[in-house]
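Asker: whatever this is, show me its structure:
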Amino acid sequence: MSLHVAIGEHLAHRAMDQAVTDLITRAGAVPGLAARLDRAGIDPGSVRSVADLSALPVLSKDDLVAEQASTPPFGGLLAPGAAVQRVFQSPGPLYEPQLDAPDYWRWGQVFTHLGVGSGDTAINCFGYHLSPAGAMMEEGLLATGAAVLPAGIGNQDLQARAIADLGVSTYSGLPSYLKALIDRFDELGLPPQAWQLRRAMVTAEPLPDSLRAALTARVDSVCMAYGTGETGLLAYEVGDGAGLVLADGVLVQVCDIGTGEPIEDESEGEVVVTVLRPDYPLVRFGTGDLSGWMLGPDGSLRLRGVLGRTGSAVKVKGMFLHPAQTASVMSRLPSVVDHRFVIGRTDHLDTLRCEVVLAPGTDPADQVQQVTQRIREGLRFSAEVVAVDRLTPAEGPILDTRVWD
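Answerer: A predicted model of the protein is given here:
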């Protein structure tokens, strides 16, 4: 099967056409979606296929933030009677509801693929504070019957000891953080036989071959997955080294950045997602991630992974760093004349340095401390703050110097 034929079948699959029809039939009157359809001149009753839905302009994250600001708290996208269990806040701020449903974000699919089940104890090393990642993975793990150690990102000594004491068999988190835990386990001199961790689901940052090799030396199965805080699981590896298979429960498209039209060849475009749930109809949502299509060895259509970003935001330490947010936070510090964030990578770990130009007559030590605290509170990042004499404006507010090898 050719790539073009596979993409065409994906976009015109009858089951997906029916899923889209059912979604719009049930959710077309939800105020936020109804307004979008009306602005696009689309009658909800006319949507009978993926092709019909593709006439709806892409909803960017900035668009969604604006919609939530004008129609709080969820931009009119919450269906009447929908039961919200949790509310999360991502940079923007963007508020993301978790509705009352088992494995709401569908991450259980990738853990099931890994073979995680009721006999497993999993350490979940995604954050639980405001952002949805920790809860997302926990819900997916619980759906398999596994027990969960909600570790978050924190005291690696305690986490390494828990891995040994509890016989932890499964990991969920950043690939770089798993490498750090392996190193800490060894540095503590814990018994090698106490390392029972055999499966890992990693996401939210690249997994270069050198880091994969370091992880698979200690963990039998390392599976890279792809998803977003707004949409949940979108795709994941299946162990044949060829791209990411598409998750169930969502319509994934790769679309032209300028027009929003679905791409039907190997060209790169923006990943655009429709979550097939009528209680919070996130339809034609632009993730801001770049990807492209490929064929797997079995002829299935797959994503080539995340190939970059469409906007100015940069992902560091598994979270997005937005120039607009950095400007907002730094503007509240009158002593800071100019600033720049520099992202690096050392031993498979992201580093973040904030270079600041301070107003004359200020105490550098005191101001560096204040900036450090403000970055931690306002951006949820830990950064090394350094006072410098001047910056080159052409380099921009965020400089990414990482090399993924």
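
Asker: residue contacts, the closest residue to residue 108 other than its chain neighbours?
Answerer: Of all residues not flanking residue 108 in the chain, residue 143 sits nearest, at 3.5 Å (Cβ to Cβ, 6 or more residues apart in numbering). All C-beta spots, glycine's among them, are computed from the backbone N, C-alpha and C. Going by Cβ atoms under 8 Å, 6 or more residues apart in numbering, residue 143 touches 102, 103, 107, 108, 111, 112.

Asker: do that again at 6 Å, thanks
Answerer: When contacts are counted by Cβ atoms under 6 Å, 6 or more residues apart in numbering, residue 143 touches 102, 103, 108.

Asker: so it versus residue 233, what's the distance?
Answerer: Note on residue 143: its distance to residue 233, by Cβ to Cβ, to the nearest Å, is 11 Å.

Asker: with residue 178 instead?
Answerer: Residue 178 sits 19 Å away from residue 233, going by Cβ to Cβ.

Asker: now the closest residue to residue 293 other than its chain neighbours: which helix or strand?
Answerer: Counting by Cβ to Cβ, 6+ apart, residue 7 is the residue found nearest to residue 293 once chain neighbours are left out, at 5.5 Å. In this structure, residue 7 sits in helix 3-11 according to DSSP states H and E.

Asker: same question for residue 226.
Answerer: Using DSSP H and E, residue 226 maps to strand 221-228.

Asker: how far out from the middle of the chain is the helix or strand just after that strand?
Answerer: Counting by DSSP H and E, the next helix or strand C-terminal to strand 221-228 is strand 232-236. Here strand 232-236 is found 9 Å from its chain centre; the criterion is Cα atoms, centre = their mean, to the nearest Å.

Asker: for strand 232-236, name the packing helices and strands.
Answerer: Packing contacts for strand 232-236, counted by 3 or more Cβ pairs under 6 Å, 6 or more residues apart in numbering; DSSP states H and E, involve strand 221-228, strand 244-246.

Asker: same thing but 10 Å
Answerer: Where contact means 3 or more Cβ pairs under 10 Å, 6 or more residues apart in numbering; DSSP states H and E, strand 232-236 is packed against helix 108-114, helix 133-144, strand 221-228, strand 244-246, strand 250-255, strand 269-275, strand 285-291, strand 301-303.

Asker: counting neighbours, what do you get for the closest residue to residue 140 other than its chain neighbours?
Answerer: Distances taken as Cβ to Cβ, 6+ apart put residue 107 closest to residue 140, at 2.9 Å, once the chain neighbours are dropped. Residue 107 has 27 neighbouring residues, counting by other Cβ atoms under 10 Å.

Asker: burial of residue 195, as a residue count?
Answerer: 18.

Asker: now do it against residue 164, distance only.
Answerer: Here residue 195 is placed at a distance of 7 Å from residue 164 (Cβ to Cβ).

Asker: anything in contact with each of those two?
Answerer: Residues touching both residue 195 and residue 164 (Cβ atoms under 10 Å, 6 or more residues apart in numbering) are residue 185.

Asker: quick one, what contacts residue 377?
Answerer: Residue 377 sits next to residue 329 when contact means Cβ under 10 Å, 6+ apart.

Asker: for the helix or strand harbouring residue 64, buried residues please.
Answerer: Following DSSP H and E, one finds residue 64 within helix 61-70. Of the residues in helix 61-70, 61, 64, 65, 67, 68 count as buried by neighbour count, 16 or more other Cβ atoms under 10 Å.

Asker: who touches the last one in this structure?
Answerer: Under the criterion of Cβ under 10 Å, 6+ apart, the contact list for residue 68 reads 32, 74, 75, 76, 77, 92, 93, 94, 95, 96.

Asker: try it again at 7 Å.
Answerer: Taking Cβ atoms under 7 Å, 6 or more residues apart in numbering, we find residue 68 in contact with 74, 75, 94, 95.

Asker: now list the buried members of the residues you listed.
Answerer: Buried subset of these (neighbour count, 16+ other Cβ under 10 Å): 74, 75, 94, 95.

Asker: test for you: state the pLDDT assigned to the closest residue to the third one other than its chain neighbours.
Answerer: Here the nearest residue to residue 94 in space, its sequence neighbours aside, is residue 65; by Cβ to Cβ, 6+ apart that works out to 5.3 Å. The predicted local distance difference test score for residue 65 is 93.

Asker: and what of residue 329?
Answerer: On pLDDT, residue 329 comes in at 82.

Asker: I'd assumed residue 381 was in contact with it.
Answerer: No: Residue 329 lies out of contact with residue 381 (Cβ atoms under 7 Å); the separation is 10.0 Å.

Asker: mind listing the shared neighbours of the two?
Answerer: Each of residue 375 lies in contact with both residue 329 and residue 381 under the rule Cβ under 7 Å, 6+ apart.
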